[in-house]
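> Please find the sequence and the predicted model below.
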Amino acid sequence: MAAKVGCTSPKPGQPPALQAIEENMSIPDAVKMFCGLFSVPHPERYQLYDEEHRTVVNEENRKQVLKNGAVFKLQLNAEAVADDMISKLTSTLSKDQEEALKMLAGATERSGVSERVVASGAYFKLFEYVDLHRKKPESASAVGHALKSLYNLLHIKAVAVSCLQERPNTVDQLMDFLKNQSKASLIQQYSLLLLAMYVSECKEGLARFTARCTVDDVIEYIKGDNPLAQEDGLALLNAVLRATTGSVPRQQLFAHLDKLRVIPAIKALSRRSERNIGLSDFCRDQLYIFQVLWLGRLADRCRYSFNPADQACIDKLDKLTRVLDAPDAAASNKVANARKLGFTNPKQPELDFQSPPGVLTLDALSEFVDIDQQEYEKLVMEQDSRPEGYACPVVKMAQSVLTVLLDLLDAGKEPKKDGKFVPVLYDKPNAFYQVFVKAMQLAARTWREMEARTADFDKVVHMVRQQLKQVMGDDKNIPIYLDDFEKALSESSYAKMLKDQENEEKEVEGRQMQAEPVTLLKRKLHEEMKALVQEQRLAHMATGCWFTPWVKGKPKKDLKFFAMLSQNHKTLKWGDPVGKDDMVHPNFSSLQHSCDTVDFKVLYTGEDVPEVAQSRRKDDTVVKQTFAVLGAGMDTDHVIFQASLREVAAMWIDGIRSLMDEEMKENETLKEINSLLNLEVRLSLLNLHGIELPRDKPEVPPPPSDFNFVYQADEDVSSA
């Protein structure tokens, strides 16, 4: 079947053409047809491009893209584009070279172009052009395109980054561009990106970079007003941080960055969205990488234990206990105060800082005192006032909260591909410790809300972890300011977390219930549950029940009659109406009236009962509790039953329906069947707890080549 498609011309001003492409027409023939319509020579150099799906039309995807109304673009194919660029790159005319560089900068990511350019060796012209024209202002734009083309080739790994190491002059020129802050934005942008690659992936990259440049030069770009240069400057800074090995050199570099006030610069970059400048995915990735590297120094502190010879450690420990003294205390009682903090050994509190997170716990609690001493004292005193066995050990909780925070923020780990930066960490230079303080307050509140005992410590920590993870992982409402973070934590109560967990479990259960194996199980169990409910209905009828009779079209509330189904379910018997004082449970044989169940003809329910339909005043409750049976051999036209409860009426109505081989329809019955069905399915799924149910049927292996199976008996067994 032919598909009528449109095609735009590569020549400006020509109107599009509409043609039918037959099912048996090859794609090259279709290209040739459109080239003929537009008078374009050399059709072998052209292709059809589908802009909607961003793909080249070929034989493999023709069924997906060749549809009525589709519009394609006739354009040069990758080989033709590459050949034109190679020809112009190797030309002696600077105009041709500049045109080729501009084309190459936009086409190097196009499939087929980069491979052909690299295979021809023409990419060496990029290095030559940069070296020859680096000092010519009139060639700045072309140099920028050359650097962009080179970066794209390295980025898609068409060329190895080691080629930069083989071109030291080009690398030096990139660093000159960096230090001199070229006015051409393309040169700025791609000099930074190429240097980031060079520092990250070349052995001598960091040494050569630090010999001519400093991080001060890089920070200037991050503090600048060019958004792209800011992002690329951050990428280079991250490369330098990652390439700097050894604890001491990295700590020295971090200390230097503190002096350069890098955090305020990063904060301004991360909040560009507030100035209507969006953050690209690349920028978000670089902010996350910086976050991981910046917090890595805290992870390094985790490996250090308390050093009795370090006066700073001694002063911090003394601060934690000294601020807990009463205002009128003559002398500090360090042991008593250490006991309030929950130290394992109050006489030697330094022993609690020997294992990770080590002295970072001491640093964090010391910062807690500096940030909000009143809240620190309140938190400690609250736990100290609790009965024995109900107090939360403050130091142990601080260690756990730090471990949770560092883990959630990937501190000390290799950055992940799908990692997310947390803007609140850039709010202030000491934002991490501010977050720690808020997390400690959250832990104390959760401990109180859970009414936890000391033995429940791990449960509380797990809940705090879930609360922090929820707040930090909320993409739509991720906190930017510390006040936002505090508000989000205050809304993440223990009760809300329990409700969220319950909803999540329901969603998981709902997905499980939709799995094909569970659906098949439900179908099988549904019939069993229906039979079980039907059996219960008939058993209830066999025990008998008192009903209100109807006389002259009205119910007689002061009279009752008894009805009962035989044990073999073949006969229904009922007695004459009696007064309430004469209600004695009769036996089956004493009932005066009967009808075989096989003779049931009609079952009336609710308003279908003739007497109910004719009644002027209809009580909704009475209507729902009333039904009537018409059968062969009955003394009257039909017998009316009015049950005392709606549930009883529903059981008898569906019981009679089952005796008449009809489906049970009452809402009460269907609800009971579904309830039993869900209970039975859940019981069956308990055996599969933690196992992901497959959505597709397993593949059946192919049959064996033959069925000549031979059983080799064990020699020991056969000899026995």
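Now that the structure is in, tell me what you want to look at.
> check contacts around Leu228.
By C-beta atoms under 8 Å, 6 or more residues apart in numbering, the contact list for Leu228 reads Ser185, Gln188, Gln189. (C-beta placed from N, C-alpha, C; glycine too.)
> Now do the same contact list for the nearest residue to Ser91 once chain neighbours are set aside.
The shortest distance from Ser91 to any non-neighbouring residue, by C-beta to C-beta, 6 or more residues apart in numbering, is to Gln97 (6.2 Å). The contact partners of Gln97, by C-beta under 8 Å, 6+ apart, come to Lys88, Leu89, Ser91, Lys125, Tyr129, Ala142.
> List buried members of those residues by neighbour count.
Lys88, Leu89, Lys125, Tyr129, Ala142 (16 or more other C-beta atoms under 10 Å).
> In helices only, show me these.
Lys88, Leu89, Lys125, Tyr129, Ala142 (DSSP state H).
> how far away is the fourth one from Asn568?
Spelled out, it's Tyr129. Tyr129 is 103 Å from Asn568, where distance means C-beta to C-beta, to the nearest Å.
> go on, Lys416?
Between Lys416 and Asn568 the distance is 71 Å, computed by C-beta to C-beta.
> ok, now Pro549?
With C-beta to C-beta as the criterion, Pro549 and Asn568 are 26 Å apart.
> Neighbour count: those two, which is higher?
Neighbours were counted for Pro549 and for Asn568 using other C-beta atoms under 10 Å; Pro549 has more, 18 against 8.
> Per-residue pLDDT of the closest residue to that one other than its chain neighbours, please?
Nearest non-adjacent residue to Pro549, counting by C-beta to C-beta, 6+ apart: Pro577, 4.5 Å away. Per-residue pLDDT puts Pro577 at 91.
> thinking Pro577 is in contact with Ala563, fair?
No: counting by C-beta atoms under 8 Å, Pro577 stays clear of Ala563, with 11.4 Å between them.
> how about the residue sitting nearest the centre point of the chain, what does it touch?
For the chain, Gly473 is the residue whose C-alpha lies nearest the centre (C-alpha atoms, centre = their mean; 8.7 Å). When contacts are counted by C-beta under 8 Å, 6+ apart, Gly473 touches Lys420.
> at 6 Å what do you get?
With contact set as C-beta atoms under 6 Å, 6 or more residues apart in numbering, Gly473 has no partners.
> Next: Lys428.
Shown in contact with Lys428 (C-beta under 6 Å, 6+ apart): no residues.
> Looks like Leu193 contacts Glu231 (just checking).
No: look at Leu193 against Glu231 with C-beta atoms under 6 Å: they stay out of range, at 9.3 Å.
> Residues that sit against both of these two, list them.
Between them, Leu193 and Glu231 share no contacting residue, judged by C-beta under 6 Å, 6+ apart.
> Just the local confidence number for the residue lying closest to Pro43 once chain neighbours are set aside, please.
Nearest residue to Pro43, sequence neighbours excluded (C-beta to C-beta, 6+ apart): Cys35, at 3.9 Å. We have a pLDDT of 95 for Cys35.
> Find the helix or strand that Cys35 is a member of.
If you go by DSSP states H and E, Cys35 is part of helix 27-37.
> got it, and Leu153?
In the assignment (DSSP H and E), Leu153 maps to helix 140-155.
> average pLDDT across that helix?
According to the model, helix 140-155 has a mean pLDDT of 84.
> after it, next one along is what?
Sequence-wise, the next helix or strand downstream of helix 140-155 (DSSP H and E) is helix 162-165.
> what's downstream of that following helix, the next helix or strand?
Following helix 162-165 toward the C-terminus (DSSP H and E): helix 168-180.
> Following the chain onward from that following helix, which element is next?
From helix 168-180, the next helix or strand downstream (DSSP H and E) is helix 185-201.
> How far away from the center of its chain is that following helix?
Remark: helix 185-201 is offset 33 Å from the chain centroid, using C-alpha atoms, centre = their mean, to the nearest Å.
> Repeat that for stretch 399-411.
Offset of stretch 399-411 from its chain centre (C-alpha atoms, centre = their mean): 20 Å.
> what ranges do the strands span in the stretch 401-550 of the chain?
545-547, 550-551 (DSSP state E, counting those that start in this stretch).
> ok, the first one: who's next to it in the sheet?
Which is strand 545-547. Here strand 545-547 is paired, per DSSP bridges, with strand 559-565 (antiparallel).
> related to what we said a few turns ago, is the residue nearest to Pro43 in contact with Glu44, as I believe?
No: judged on C-beta under 6 Å, Cys35 makes no contact with Glu44 at a distance of 9.2 Å.
> So which of these two has more stuff around it?
Counting neighbours by other C-beta under 10 Å for Cys35 and for Glu44 shows that Cys35 has the greater number, 20 against 13.
> From Ile86, how far off is the more buried one?
Using C-beta to C-beta, Cys35 is found at 23 Å from Ile86.
> repeat for Arg167
Applying C-beta to C-beta, the value for Arg167 to Ile86 is 20 Å.
> Downstream of whichever strand or helix holds Asp232, the next helix or strand is which one?
Using DSSP H and E, the element containing Asp232 is helix 227-243. The first helix or strand that comes after helix 227-243 along the chain, using DSSP H and E, is helix 247-259.
> Between helix 227-243 and the helix or strand following that following helix, find me the angle.
Using DSSP H and E, the helix or strand that follows helix 247-259 in sequence is helix 262-270. Inter-element angle recorded for helix 262-270 and helix 227-243: 140 degrees (by axes from the mean of the first three to the mean of the last three C-alpha atoms, to 10 degrees).
> residues of helix 262-270 that come out buried?
Val262, Ile263, Ala265, Ile266, Lys267, Ala268, Leu269, Ser270.
> And for stretch 565-572?
By 16+ other C-beta under 10 Å, the buried positions in stretch 565-572 come out as Leu565, His569, Thr571, Leu572.
> Nearest to Glu51, out of the residues you listed: which one, please.
His569 (73.1 Å; C-beta to C-beta).
> For the closest one, list the residues it contacts.
Applying C-beta under 6 Å, 6+ apart, the residues near His569 are Leu538.
> repeat that for 7 Å
Leu538, Thr597, Leu659 (C-beta atoms under 7 Å, 6 or more residues apart in numbering).
> Tabulate the contacts of Gln97 (a markdown table), appending distance to Glu516.
Listed next are these as a markdown table, based on distance: C-beta to C-beta, whole Å:
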| residue | distance to Glu516 |
| --- | --- |
| Lys88 | 60 |
| Leu89 | 58 |
| Ser91 | 64 |
| Lys125 | 60 |
| Tyr129 | 62 |
| Ala142 | 61 |
